[in-house]
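*Asks:* Give me the fold of what follows.
(one chain, ligands or ions: 1)
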Amino acid sequence: MTTTQVVNPATEQVVTTLELVSAAETDAAIERAQRAGVDWRAVAPGDRARLLRRFAEAVDANLEQLAQLEVANAGHTIGNARWEAGNVRDVLHFAAGIPERLLGNQIPVAGGVDITFHEPLGVVGVIVPWNFPMPIAAWGFGPALAAGNTVVLKPAELTPLTAIRLGELALEAGVPEGVFQVLPGKGSVVGQRFVTHPAVRKVVFTGSTEVGKEIMAGCARQVKRVTLELGGKSANIVFADADLERAAATAPYGVFDNAGQDCCARSRILVQRSVFDRFLELLEPAVRGVRVGDPAAESTEMGPLISAAHRARVASFVEPSTKVAFTGTQPDGPGFWYPPTVVLPDAPSDRVLTEEVFGPVVAVVPFEDEADAVRIANDTEYGLSGSIWTNDVGRALRVSRGVEAGNLSVNSHSSVRYWTPFGGFKQSGLGRELGPDAALAFTETKNVFIAT
Ligand code: TAP
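*Replies:* Numbers count the residues shown, from 1 in each chain. Now for the predicted structure:
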């Protein structure tokens with residue numbers, strides 16, 4: 001039996017020790033999910049909707065407990081962790097609207113009637129990273145269950161606790177045994193079985209682009225459906241005509257939220273050259289003002305990184321030769337801390353501009369005009385997110401259409417709403433989650449012609 005120690009990243013203390021699920025246990029769970037699917041897809045739409053609403057209510061009733069678990073396991077600030085648990089509740093309520101609205105078409109044809117059905121896929125495997133353990137899990141299992149699939153979910157080995165609790169809450173809410181199972185284990189064991197087991201008909205993967213490519217290649221062998229949410233190198237574009245004070249005051253939160261461990265982090269700030277120096281002057285107090293510390297404290301804005309190994313990786317982006325403009329603060333003592341850090345790269349080929357840091361390090365670069373801003377923003381293999389700061393609405397729309405990314409915000413840094421689509425261009429991913437079409441990623445369209 002293999003075990004893993006779950007560590008609090010703010011204290012380096014062991015929270016608990018867990019048994020990891022083996023390949024044989026994964027196979028048994030997948031087979032249970034397959035059997036449970038026979039009844040689950042036959043549950044009347046209104047009853048499936050009611051079960052999902054009850055699941056949402058169970059999450060809401062346990063919101064504080066889930067949030068505290070995430071503070072202890074992932075080092076998320078308590079404010080963020082409450083939002084994340086609330087997001088799971090809201091995604092489930094939204095999903096509860098799906099079963100009764102999974103509408104097909106009636107298409108005019110000669111000699112009969114033609115109708116389409118959205119059939120469930122079967123067993124769906126959801127593989128979750130450590131950076132947002134609750135929301136990323138729910139964006140997969142919510143619409144998948146609503147569309148009549150059963151789900152096996154693998155949380156990241158570092159952050160399994162909230163997913164395990166969500167699995168218990170589903171059962172307490174009356175979701176039948178085998179319909180939603182949480183399997184804490186290694187990616188190379190449990191995650192790999194999702195890819196190779198023929199009964200798993202779709203894999204939803206969120207994580208690194210490197211592993212995502214392996215999963216896509218593995219799924220190709222069975223023409224298995226796949227949704228990928230991968231890395232990002234998003235740009236926050238600040239034009240000279242913007243409200244510079246607001247743009248500078250909010251920029252730290254667009255990249256340092258969750259200690260920068262966010263695929264949507266705006267880790268490149270592009271500033272029009274005529275206001276570059278002024279923007280940096282305004283940015284400095286904003287960065288120094290980010291409250292970094294005990295994630296359980298209500299006023300904390302940024303917690304620690306997830307692990308010592310990840311901190312070493314983040315630190316490797318700030319080399320002795322790197323020009324550091326300024327940094328924020330970090331607490332002393334135990335914990336995987338790294339301060340908010342602003343760097344001024346020398347060349348477009350600098351690693352800090354081309355690779356995802358996934359930590360609180362942001363690069364600021366100047367641009368000349370609109371075309372130059374779009375060119376630099378698109379000079380990356382990624383295309384997940386981004387922000388555009390300008391008071392010219394025409395420019396906001398032109399630049400929004402020009403930037404190759406799935407989720408853009410103008411004069412704000414919001415990326416995620418459960419009722420709007422989320423996903424990446426280029427190597428940031430494949431497919432979309434959330435939004436009005438969320439269920440269609442978990443169904444096959446079947447066309448039936450009936451001769452009259
Ligand atoms: P990954 O290694 O990609 O892990 C993500 C998930 O995939 C984890 O649950 C992991 O399991 C599992 N996994 C790993 N190898 C697998 C395999 N061969 N087959 C199936 N599943 C597998 O990401 P990470 O180690 O957490 O982070 C590395 C980098 O990925 C980060 O620094 C960041 O750049 C990026 N990242 C991006 C995102 C988003 S949202 N875009 C999220 C997290 C990380 P284990 O628990 O065993 O690792």
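*Asks:* for the most centrally placed residue in the chain, what are its contacts?
*Replies:* Centroid-nearest residue in the chain, with CA atoms, centre = their mean: Ile136, separated by 4.8 Å. Ile136 sits next to Val128, Pro129, Thr206, Glu229 when contact means CB atoms under 8 Å, 6 or more residues apart in numbering. C-beta: built from backbone N, CA, C; applies to glycine.
*Asks:* In stretch 442-452, which residues are buried?
*Replies:* Using 16 or more other CB atoms under 10 Å as the test for burial, stretch 442-452 gives Phe442, Thr443.
*Asks:* Just the mean pLDDT for it, thanks.
*Replies:* Regarding stretch 442-452, the rounded mean pLDDT is 98.
*Asks:* May I have that stretch as PDB, with CA atoms only?
*Replies:* The C-alpha coordinates for stretch 442-452 follow below in PDB (Å, rounded to 0.1, in the frame of the first residue of the first chain):
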ATOM      1  CA  PHE A 442     -20.300  15.600 -22.200                       C
ATOM      2  CA  THR A 443     -22.700  14.300 -24.800                       C
ATOM      3  CA  GLU A 444     -22.700  12.700 -28.300                       C
ATOM      4  CA  THR A 445     -25.300  14.100 -30.800                       C
ATOM      5  CA  LYS A 446     -27.400  11.300 -32.200                       C
ATOM      6  CA  ASN A 447     -29.500  11.800 -35.300                       C
ATOM      7  CA  VAL A 448     -32.700   9.700 -35.800                       C
ATOM      8  CA  PHE A 449     -34.900   9.600 -38.900                       C
ATOM      9  CA  ILE A 450     -38.300   8.100 -38.600                       C
ATOM     10  CA  ALA A 451     -40.100   7.400 -41.900                       C
ATOM     11  CA  THR A 452     -43.700   8.400 -41.900                       C
END
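*Asks:* Quick one: residues in contact with that stretch.
*Replies:* 102, 104, 109, 111-121, 124, 143-144, 146-149, 202.
*Asks:* Could you list which of these belong to strands?
*Replies:* Among the contacts of stretch 442-452, DSSP state E puts Gly112, Val113, Asp114, Ile115, Thr116, Phe117, His118, Glu119, Pro120, Val124, Lys202 in strands.
*Asks:* Determine whether any part of stretch 244-258 lies close to the ligand.
*Replies:* No. Stretch 244-258 stays clear of the ligand (CB under 6 Å from any ligand atom), getting no nearer than 10.1 Å.
*Asks:* So what touches that stretch?
*Replies:* 76, 80, 131-132, 236, 238, 265-267, 269, 275, 278-279, 282-283, 286-287, 289-290, 301-303, 328, 340, 360, 362, 387, 389, 411-413.
*Asks:* Could you do stretch 300-317 as well?
*Replies:* Residues contacting stretch 300-317 (CB under 8 Å, 6+ apart): 7, 9-10, 74-79, 130-131, 158-159, 253, 256-261, 290-295, 335-338, 340, 351-352, 355, 357-361.
*Asks:* Could you check the pLDDT of the residue of the stretch 301-450 of the chain found nearest the ligand?
*Replies:* Going by CB to the nearest ligand atom, the ligand is nearest to Phe358 of the stretch 301-450 of the chain, at 3.7 Å. Listed pLDDT for Phe358 reads 98.
*Asks:* ok now do it, which residues does it touch?
*Replies:* Asn131, Gly231, Gly260, Gln261, Asp262, Ala265, His310, Arg313, Val314.
*Asks:* how about 10 Å then?
*Replies:* 129, 131, 208, 231-232, 258-263, 265, 267, 305-306, 310, 313-314, 317 (CB atoms under 10 Å, 6 or more residues apart in numbering).
*Asks:* Of the residues you listed, which belong to helices?
*Replies:* Among the contacts of Phe358, the members found in helices (DSSP state H) are His310, Arg313, Val314.
*Asks:* Which elements pack onto the helix or strand where Ala58 lies?
*Replies:* Assigned by DSSP states H and E, Ala58 belongs to helix 45-61. The helices and strands touching helix 45-61, judged by 3 or more CB pairs under 10 Å, 6 or more residues apart in numbering; DSSP states H and E, are helix 78-96, helix 133-146, helix 161-172.
*Asks:* any chance of these in TSV, with mean pLDDT and distance to the ligand too?
*Replies:* Formatted as TSV, the helices and strands packed on helix 45-61 follow (pLDDT from 0 to 100; distance: least, CB to the nearest ligand atom, whole Å):
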stretch	mean pLDDT	distance to the ligand
helix 78-96	98	13
helix 133-146	98	7
helix 161-172	98	10
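*Asks:* just these: most buried one?
*Replies:* Greatest average neighbour count among these goes to helix 133-146 (a mean of 28), per mean count of other CB atoms under 10 Å.
*Asks:* now the angle from that helix to strand 112-120?
*Replies:* Orientation check (axes from the mean of the first three to the mean of the last three CA atoms, to 10 degrees): helix 133-146 against strand 112-120 gives 150 degrees.
*Asks:* Just checking, which helix or strand succeeds helix 133-146 along the chain?
*Replies:* Defined by DSSP H and E, the subsequent element after helix 133-146 is strand 150-154.
*Asks:* what's the offset of that next one from the middle of its chain?
*Replies:* Centre-to-centre, strand 150-154 and its host chain are 17 Å apart (CA atoms, centre = their mean, to the nearest Å).
*Asks:* pLDDT of that strand, averaged?
*Replies:* Per-residue scores along strand 150-154 average to 99.
*Asks:* Quickly run through the sheet partners of that strand, with directions.
*Replies:* strand 123-127 (parallel), strand 180-182 (parallel) (DSSP bridges).
*Asks:* after the last one, next one along is what?
*Replies:* As assigned by DSSP H and E, the chain's next helix or strand after strand 180-182 is helix 192-196.
*Asks:* Can you name the residues of the stretch 251-400 of the chain sitting close to the ligand?
*Replies:* Cys263, Glu356, Phe358.
*Asks:* wait, is Val362 part of a strand?
*Replies:* Yes. When DSSP: H, G, I helix; E, B strand; the rest coil is applied, Val362 is found to be in a strand.
*Asks:* Count residues in the vicinity of it, would you?
*Replies:* 26 (other CB atoms under 10 Å).
*Asks:* Skipping adjacent residues, who's closest to it in space?
*Replies:* Val255 (4.6 Å; CB to CB, 6 or more residues apart in numbering).
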